[in-house]
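Visitor: When you get a sec, could you give me coordinates for this:
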Amino acid sequence: MRPDPEGVAAQGIWQPALRTLSSLREHASDARPAYALSALCAMSMPFGFGYTAKTAGLDPKLRPPRLVPPFWQLLGFGVFFGAGGYMIEQGDVLNGSGVISAWSLTYVTFATLPALRHMHRSPLSMLLSASVLGMGFGIYANYYFDKASWRGAIPGLLPTPKTTTPDHESKGILHV
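Guide: Below is the predicted model of the structure:
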């Protein structure tokens, strides 16, 4: 058995995933998913007060984990997702996708990961996290990192090079 040159078999395994990522990238020029994230954060704001009211008299050691971010954090995420959608709507798809990608990463880092073990208790928390992962990362971060300078960092995202090369010898170009 000879070794697989250039990972041809590995590229075949990843083709369905690459096709899915490619089809998600097509939706990055549409601002509606960003506005949907913004609206979801806005509609979740009243639930940010619930934790404070529910745990006001409890000992800090006995408090359950906060699953839905506080009111002010949801307000901020809603504003930034909406601003990214506005940038996309005005024609600046790359920067709008970058804004949404950055704030999606912030949401996942500070709201989803700490509450991951307890997230099954709160459908709203699961909906917020799944929406940020799906729309923020799946659509906008996928587009942003494909169009930004990261393209060569992940093999398989680059298109296959053309096998035909021009005949430089006939043009007098010297190869050293």
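
Visitor: Now the residue nearest the centre of the chain. Nearest residue, chain neighbours left out?
Guide: Centroid-nearest residue in the chain, with Cα atoms, centre = their mean: residue 137, separated by 1.2 Å. Distance criterion Cβ to Cβ, 6 or more residues apart in numbering; nearest residue to residue 137, sequence neighbours excluded, is residue 104 at 5.7 Å. Quick note: C-beta positions are derived from backbone N, CA and C, even for glycine.

Visitor: Can you give me the separation between that neighbour and residue 47?
Guide: 20 Å (Cβ to Cβ, to the nearest Å).

Visitor: For the two, indicate the residue with more neighbours.
Guide: When residue 104 and residue 47 are compared for neighbours, residue 104 comes out ahead with 27 against 18, by other Cβ atoms under 10 Å.

Visitor: check contacts around the more buried one.
Guide: Residues near residue 104 by Cβ atoms under 8 Å, 6 or more residues apart in numbering: 132-133, 135-137, 140-141.

Visitor: Which strands or helices does the longest helix anywhere in the chain pack on?
Guide: With secondary structure taken from DSSP state H, the chain has its longest helix at helix 32-54. Helices and strands touching helix 32-54, by 3 or more Cβ pairs under 8 Å, 6 or more residues apart in numbering; DSSP states H and E, are helix 71-89, helix 93-107, helix 123-131.

Visitor: So which of the ones you listed is nearest residue 23?
Guide: Residue 23 lies closest, by Cβ to Cβ, to one member of the helices and strands packed on helix 32-54: helix 93-107, at 15.9 Å.

Visitor: quick one: pLDDT of the spatially closest residue to residue 36 that is not a sequence neighbour?
Guide: Leaving aside its chain neighbours, residue 36 sits nearest to residue 135 (6.8 Å; criterion: Cβ to Cβ, 6+ apart). For residue 135, the pLDDT comes out at 94.

Visitor: got it, and residue 60?
Guide: On the pLDDT scale, residue 60 gets 82.

Visitor: Just the element for it, please.
Guide: For residue 60, there is no enclosing helix or strand under DSSP states H and E.

Visitor: Number of residues surrounding it?
Guide: Residue 60 - counted by other Cβ under 10 Å - has 6 other residues nearby.
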